[in-house]
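Participant: For reference, the sequence and a predicted model appear below.
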Amino acid sequence: MKSRLSICVVAIFVLSALTAAQDLASFEKRITVKKLPNGLTVIICERPEAPVFSFFTHVDAGSVQDPMDKTGLAHMFEHMAFKGTDKIGTRDYPDEKIALEKVEVAYTAYIAERDKRIGRDEAKLKQLEQAWKDAIAAADKFSDPYANEFGRIVESEGGEGMNAFTNLDETGYHYSFPINRLELWAYLESERFLHPVMRQFYKERNVVIEERRLRVDSNPIGRLLEQFTTAAFSASPYHRPTIGWMWDLNTFSATDAQNFFDRYYVPSNMVITVVGDLKASEAMPIIEKYFSRLPARPKPDDAVTTDPPQKSERRVVLQEQAQPVYLEGYHRPDYLSPDDAVYDAITDLMSNGRTSRLYRALVRDKQIASDSAGFSGLPGNKYPHLFAFYAFPIPGHKPQEVADAIHIEIDRLKKEDISDDELKMIKTRSKANLIRALGTNEGLAFALGLNQARYDDWRELFRGVDRIDKVTKADIRRVANKTFVSDNRTVGIIEFAPRQGPPPGAQPPAASPLGGAQ
Amino acid sequence: MKRLLFTIGALLAFVLSNQQLFAQAASWQDVKIPKLPEFKPVQPKRIELPNGMVVFLQEDHELPLIDGIARIRGGARDVDAAKTGMIDVYGEVWRTGGTKTQTGDQLDDFLEQRAARVETGGGIDSTTISWSCLKGDLDDVFKAFTDLLRNPEFRAEKIDIAKKGLYDGISRRNDDPGQIASREAAKLAYGPNNPYARVPEYSTVASINRDDLVKWHSNTVHPNNIILGVVGDFDSAAMEARLREAFSSWPRGPAVKQPDLEFTLAPPGYYLVEKTDVNQSNIQMVGRGVTRKNPDYYAISVFNEAFGGGFSSRLFSDLRTTKGLAYAVGGGIGTGWDHPGMLRLIISTKSQSTIESIQGLDQEIADLSAKPITDDELKRAKDAILNSFIFRFDSPSKVLQEKMAYEFYGYPLDFLEQYQKKIETVTTQQVAAVAAKYMHRNQLAVLVVGNTAEFDKPLSSLGSVKSLDIAIPPAPKGLIPEEEGQQ
């Protein structure tokens, strides 16, 4: 009986090891990678499930690359990448180009006067502002109502899920098309990064400012996160918000966005991944034909300042008309650190599902929080960043209570080895999670492209599982002891503060014993 | 000489053909679009067990996974208003409360060791129980699934935890202006007591007890109320045998009846929620939408695409791109499966352009008759729907989900194919007709959540304004521990 059991265990072990290896082997057969002479990396993954494909364009530049006084520029350019080209979105490009140059001249003059610290002439400023607005109106005549032509083409040709994102680390563009639009996609996506035009820039800048109001200014969690990351990082560009500071948003120019594009959107800084019902032998020549047009340019300097070791705890406490939130973060090294998988294991142990330690301690047993977790990647992970913990205290409980409970769990990590069952669970889950991530064109395009960009090898998507497999109990204690110390900590708290005075024209709301928010 | 000419000719031909081979399109219209290959998605096998349970089996051998979901008729809309929140508690405790023989915590450990999931949930018209596992674990996980389906225990301590989670949600519901706007707009569109609009309160959650959950389970979880879908790496014949063995002896029970609900649109006018800690107004104009059984559904789909869906729609082009008023803008005539959707136009704009943005939406509605949707707009909208149509069935699990929805709401199983054909026939006249029939500015309730001190003009300059009191009714005494520092 005993021997039968051990044979079973061996069989299961061998089976799961085979599964991971088989995944990689099967993908090796279906994936083609080519670096074009201009430096662009192209990945094609054949997945003939249905006659469609998805793509993901990864640009290795995010808001970390924003110039110091022009925060938000990387994200602003991402918006401009939907504004068309010299052929799409215009009535007459040569004349539009001249008109757009005039906008920049007028804007430069306006900003120079606006930002004069001494001797600003208000009447002149008004004139200059008007001249700038007139120049915009003149330029818009060439693009109205075609400014959305690029998106219109994608949509009416059957594009699905067209969108883009910018974070501190990178910028991504993606959508899906029926497979018969492969060449159309190659044309559109290469044109977009061959001849982008900064048309209607200042209106789009207002759209982005509204996005800032939506995500940050008018949302208590948004306000907390901005204050928190600003406090946690001093030298590193991670202290800047991706959306940008309001002053910078009201200041940077279309010329700045064009310069950002020229510097960072170079083929050697980009990875294009296409996944779907295509054959590399047929698709690669089409992709090469169009994307080879992007001119080779030097890869930009990617030197970035790193924070010096933190020497004391930092705290931000926001008094809000909102219920309490507790957040804390500890500096950790970047994703290339040999301990990266150890942090992943800690994330899984602390946060994944109802067996996670934070759920069991704060939600199930102490019943002081509605949700609690710990995770890496705040606010990015390409550079040294934070391992963060958070909890939402339930009514009647304070941020300090959940902080204490989180610290008890952190101390356990430092002082006691995790159990065999827990370690096994973490490793089993990482294998299953990988398999679950391979089932869609969009998901695959993103994961392959990101791994190619981050490690120069898409296979790291599969090797991540092996790295977690090697994590030991001692690793977890070592990393916890090294990372989770109070001097290395930044704390962010929302405390409920009742609003001062009744709102104009409204009945004062009845007081709630919870301090119920109005 | 002749030879040279020949060579030049050959060279020229080679160069030409080479150019042909590498010809790049000069504009997007020049790019050739070949015919899309014929694609017949694999259809799930539909089986009706003698006890009324409907099963769909969808094989998908790409990955070694098997997932299943049972959807059970009856949900929050069938619950007494005084117990609002009961289905949320039920949906959580069904799983966390474990079975007669295994606590929820034991179940957690058992499943996590296999990286598997069994989850339950409560929705507005149905509840669900699902599993997801590696195929090698099917025996273990399916056993846990059926045990939880048939023998849940709803342990009291887990009911406490779920209720505390709901109290937390209640206490936080006025923190985010977008959440306030969505909630209050639904109340205006459907009526404050309609199940599609009402929200849990401390008192309604406090009144929920274990008996409610046990009773709900025994009233609804009968095979004839269940649609079960399974997708993944299995053999249909073997799976069918497994399901028949597991469920055939389960007797029928009373069927859940479709509830008779009242939908009451608020009187037209302006409704205001004052929020002093924001610099952006959330504006929603709401009215009554339709169901998808309405013959206007197809023209409405095209209208929505042209008017408020996507990059090239009127709302996006005019209010976001051209005027730069908003990041979030959109809208259309909402369509529900078995209840009227909500007609809704939304825009979020800085406080200082609140009135300007409301007038911008007004103008868009007025333009529908002054400048009706054109042939060109119609073509774009239909192209967008029809060319992306394949994404509704480009994976076996999407096909399964579609079929399960049709089965649940009593639509023909080929509804998707019919939809495609009917969209193709929609005309500009039909689109103009649905715009005229449904989009009446003077019937809409206009909600503004914002910081009135910063508005460009008082909201009252547009019409009479009703202030909405969204203060959270206090918790019954003793429900929440008193705490120093909070009032």
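Facilitator: Great, that's in hand. Residues are numbered from 1 along each chain as shown, chains lettered A, B, ... in the order given.

Participant: Below-threshold pLDDT in chain A: ranges please.
Facilitator: A:1-22, A:500-518 (pLDDT under 70).

Participant: got a list of what B:Leu49 touches?
Facilitator: With contact set as C-beta atoms under 8 Å, 6 or more residues apart in numbering or on different chains, B:Leu49 has these partners: B:Val55, B:Pro223, B:Leu243, B:Arg244, B:Phe247, B:Ser248. Where you see a C-beta, it was placed from the backbone N, CA and C, and this is true even at glycine.

Participant: Show me which of these are buried.
Facilitator: Neighbour-count burial within the contacts of B:Leu49 applies to B:Val55, B:Pro223, B:Leu243, B:Phe247; the criterion is 16 or more other C-beta atoms under 10 Å in any protein chain shown.

Participant: re the thing from before, in strands, which of the contacts of B:Leu49 appear?
Facilitator: Counting by DSSP state E, the part of those found in strands is B:Val55.

Participant: Which of the buried ones among the contacts of B:Leu49 sits closest to A:Lys203?
Facilitator: Nearest to A:Lys203 out of these is B:Val55 (C-beta to C-beta; 53.9 Å).

Participant: Output the set of residues of the stretch 151-300 of chain B in proximity to chain A.
Facilitator: Residues of the stretch 151-300 of chain B lying close to chain A (C-beta under 8 Å from any C-beta of the partner chain) are B:160-161, B:164-165, B:167-169, B:171-178, B:272, B:274, B:276-280.

Participant: can you map out the strands along chain B?
Facilitator: Using DSSP E, the strands found in chain B span residues B:45-48, B:54-59, B:65-73, B:117-122, B:126-134, B:226-232, B:269-274, B:280-288, B:290-291, B:329-333, B:335-336, B:342-350, B:445-450, B:465-467.

Participant: Put together JSON lines for those strands, with mean pLDDT on each row.
Facilitator: Shown next, in JSON lines, are the strands of chain B (pLDDT from 0 to 100):
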{"stretch": "strand B:45-48", "mean pLDDT": "98"}
{"stretch": "strand B:54-59", "mean pLDDT": "98"}
{"stretch": "strand B:65-73", "mean pLDDT": "98"}
{"stretch": "strand B:117-122", "mean pLDDT": "98"}
{"stretch": "strand B:126-134", "mean pLDDT": "97"}
{"stretch": "strand B:226-232", "mean pLDDT": "98"}
{"stretch": "strand B:269-274", "mean pLDDT": "98"}
{"stretch": "strand B:280-288", "mean pLDDT": "98"}
{"stretch": "strand B:290-291", "mean pLDDT": "97"}
{"stretch": "strand B:329-333", "mean pLDDT": "97"}
{"stretch": "strand B:335-336", "mean pLDDT": "97"}
{"stretch": "strand B:342-350", "mean pLDDT": "98"}
{"stretch": "strand B:445-450", "mean pLDDT": "98"}
{"stretch": "strand B:465-467", "mean pLDDT": "98"}
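
Participant: Pipe the ones you listed into CSV and attach distance to B:Thr322 per row.
Facilitator: Shown next, in CSV, are the strands of chain B (distance: least, C-beta to C-beta, whole Å):
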stretch, distance to B:Thr322
strand B:45-48, 49
strand B:54-59, 45
strand B:65-73, 44
strand B:117-122, 42
strand B:126-134, 43
strand B:226-232, 45
strand B:269-274, 25
strand B:280-288, 18
strand B:290-291, 30
strand B:329-333, 11
strand B:335-336, 28
strand B:342-350, 14
strand B:445-450, 22
strand B:465-467, 29
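
Participant: what about the ones you listed, which gets the closest to A:Val479?
Facilitator: Among the strands of chain B, the nearest to A:Val479 by C-beta to C-beta is strand B:117-122 (28.1 Å).

Participant: Compute the number of surrounding residues for residue 166.
Facilitator: Assuming you mean chain A. Residues near A:Thr166, counting by other C-beta atoms under 10 Å in any protein chain shown, number 24.

Participant: my bad, the chain I had in mind was chain B
Facilitator: Each residue near B:Leu166 was counted by other C-beta under 10 Å, and the total is 24.

Participant: cool, A:Asn219 as well?
Facilitator: The number of residues packed near A:Asn219 is 22, by other C-beta under 10 Å.

Participant: ok, it touching B:Asp176?
Facilitator: Yes: in this structure, A:Asn219 is within contact of B:Asp176 by C-beta atoms under 8 Å, at 5.8 Å.

Participant: Can you get me a residue count around A:Glu101?
Facilitator: Neighbours of A:Glu101 under the rule other C-beta under 10 Å: 14.

Participant: mind checking the SS state of it?
Facilitator: When classified by DSSP: H, G, I helix; E, B strand; the rest coil, A:Glu101 comes out as helix.

Participant: Identify the residues contacting it.
Facilitator: No residues are in contact with A:Glu101 under the rule C-beta under 8 Å, 6+ apart.

Participant: Next one: it from B:Glu62, what distance?
Facilitator: 53 Å (C-beta to C-beta, to the nearest Å).

Participant: Mark which of the buried ones among the contacts of B:Leu49 are part of helices, please.
Facilitator: B:Leu243, B:Phe247 (DSSP state H).

Participant: Tabulate the buried ones among the contacts of B:Leu49 (a markdown table), appending distance to A:Glu191.
Facilitator: Shown next, in a markdown table, are the buried ones among the contacts of B:Leu49 (distance: C-beta to C-beta, whole Å):
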| residue | distance to A:Glu191 |
| --- | --- |
| B:Val55 | 49 |
| B:Pro223 | 57 |
| B:Leu243 | 52 |
| B:Phe247 | 56 |
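
Participant: ok, residue 271 - contacts?
Facilitator: Just so you know, I chose chain A. Contacts of A:Val271 (C-beta under 8 Å, 6+ apart): A:Leu40, A:Thr41, A:Val42, A:Ile43, A:Thr57, A:His58, A:Asp60, A:Gly449, A:Gln452, A:Ala453.

Participant: Sorry, I should have been clearer: chain B.
Facilitator: Counting by C-beta under 8 Å, 6+ apart, B:Tyr271 has contacts B:Glu184, B:Leu188, B:Ala445, B:Val446, B:Leu447, B:Val448, B:Val465, B:Lys466, B:Ser467, B:Leu468.

Participant: what about A:Leu214, how many neighbours?
Facilitator: Residues near A:Leu214, counting by other C-beta under 10 Å, number 23.

Participant: you'd agree it is up against B:Ala328?
Facilitator: Yes: if you go by C-beta under 8 Å, A:Leu214 and B:Ala328 touch, sitting 6.3 Å apart.

Participant: Overlap of the contact sets of these two?
Facilitator: Between them, A:Leu214 and B:Ala328 share these contacting residues under C-beta under 8 Å, 6+ apart: B:Ser348.

Participant: where's A:Asp23, which helix or strand?
Facilitator: helix A:2-30 (DSSP states H and E).

Participant: Next secondary structure after that helix?
Facilitator: Downstream of helix A:2-30, the next assigned helix or strand under DSSP H and E is strand A:31-35.

Participant: For that next one, buried residues please.
Facilitator: By neighbour count, with 16+ other C-beta under 10 Å as the criterion, the buried positions of strand A:31-35 are A:Ile31, A:Thr32, A:Val33.

Participant: okay, that strand in CSV with CA atoms only?
Facilitator: The C-alpha trace of strand A:31-35 is given here as CSV (Å, rounded to 0.1, in the frame of the first residue of the first chain):
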residue,chain,number,x,y,z
ILE,A,31,6.4,30.8,-32.4
THR,A,32,8.6,32.7,-34.8
VAL,A,33,10.7,35.7,-33.6
LYS,A,34,12.5,38.0,-36.0
LYS,A,35,14.6,41.1,-35.4
